[in-house]
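Peer 1: next input, structure requested:
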Amino acid sequence: MVILLVEDDKTIATGIQYSLEQEGFTTWICEDLASAKVLIQDSLTEISLCLLDLTLPDGSGYDICRLIKERSDIPVIFLSAVDDEVNVVMGLDMGADDYITKPFRIRELLSRIKTVLRRYQKHISSTSAVEIENIKILLLEGKVYKEGEEVILTALEYRLLLIFANHIGQVLSRDQLLEQIWDIAGDFVNDNTLTVYIKRLREKLEDIPQQPKIIKTVRGLGYKMGE
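Peer 2: Presented below is the predicted three-dimensional model:
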């Protein structure tokens, strides 16, 4: 998963980046509002969570949060040396998911990040259906329909489809997909098997499997469902 860190203090940014990458996260760092805006405009769909410093040399983390929330429902955690109630409420009111005050323990930050990500990943379980293009997934029934007709999927095909549906618009690497299939199924799935199952899903769901619109390949990065 990719985490965007917007922090102008290089020492703090480097320390957070090191800790995140030890936990398996990829970290993109921006030091100011301007560079963060460019990255968000170009690559927002690849980001799983944003850590935003409140005070930046050319603006505020609030500005970045507004920009993100206008475009996507990606989770946001504010980092700030200010912990007064007005600032906390303002951040939460504009859609931030958490607010952590500096100085903080890195273990606490990692725990907050994982908690927020789990909450977002579970959101789909409270939804009865997911629709994309001409495909409808009825989550409570465990059924998939294409243009009103049921599509028969194997257990692993369905699990893989749910992983994509739980991360619509996000790019998932092959390693991330393999990890989640392992976690859900409890069985070993190798890289070649993953390729076969993605091919089978496309053959069952896409109008033109060779030109996929539902499960897209992002060259050099992985796959994503939707925009």
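Peer 1: for V2, see how far away the nearest residue to V218 once chain neighbours are set aside is.
Peer 2: Closest residue in space to V218, ignoring its immediate chain neighbours: V171 at 4.9 Å, by Cβ to Cβ, 6 or more residues apart in numbering. The C-beta positions use only the backbone N, C-alpha and C, and glycine is treated the same way. As for V171, its distance to V2 is 8 Å (criterion: Cβ to Cβ, to the nearest Å).
Peer 1: between these two, which one's more packed in?
Peer 2: Neighbours were counted for V171 and for V2 using other Cβ atoms under 10 Å; V171 has more, 21 against 18.
Peer 1: and the residue lying closest to K204 once chain neighbours are set aside, what are its bridge partners?
Peer 2: Nearest residue to K204, sequence neighbours excluded (Cβ to Cβ, 6+ apart): V151, at 5.3 Å. Using DSSP bridges, the bridge partners assigned to V151 are V144.
Peer 1: who touches V151 in this structure?
Peer 2: If you count contacts by Cβ atoms under 8 Å, 6 or more residues apart in numbering, V151 has them with 135, 144-145, 204-205.
Peer 1: re the thing from before, find residues that contact each of V171 and V2.
Peer 2: E46.
Peer 1: who's in contact with R174?
Peer 2: Contacts of R174 (Cβ under 8 Å, 6+ apart): 191, 194, 222-223.
Peer 1: same thing with I3?
Peer 2: 20, 25-28, 47-51, 113.
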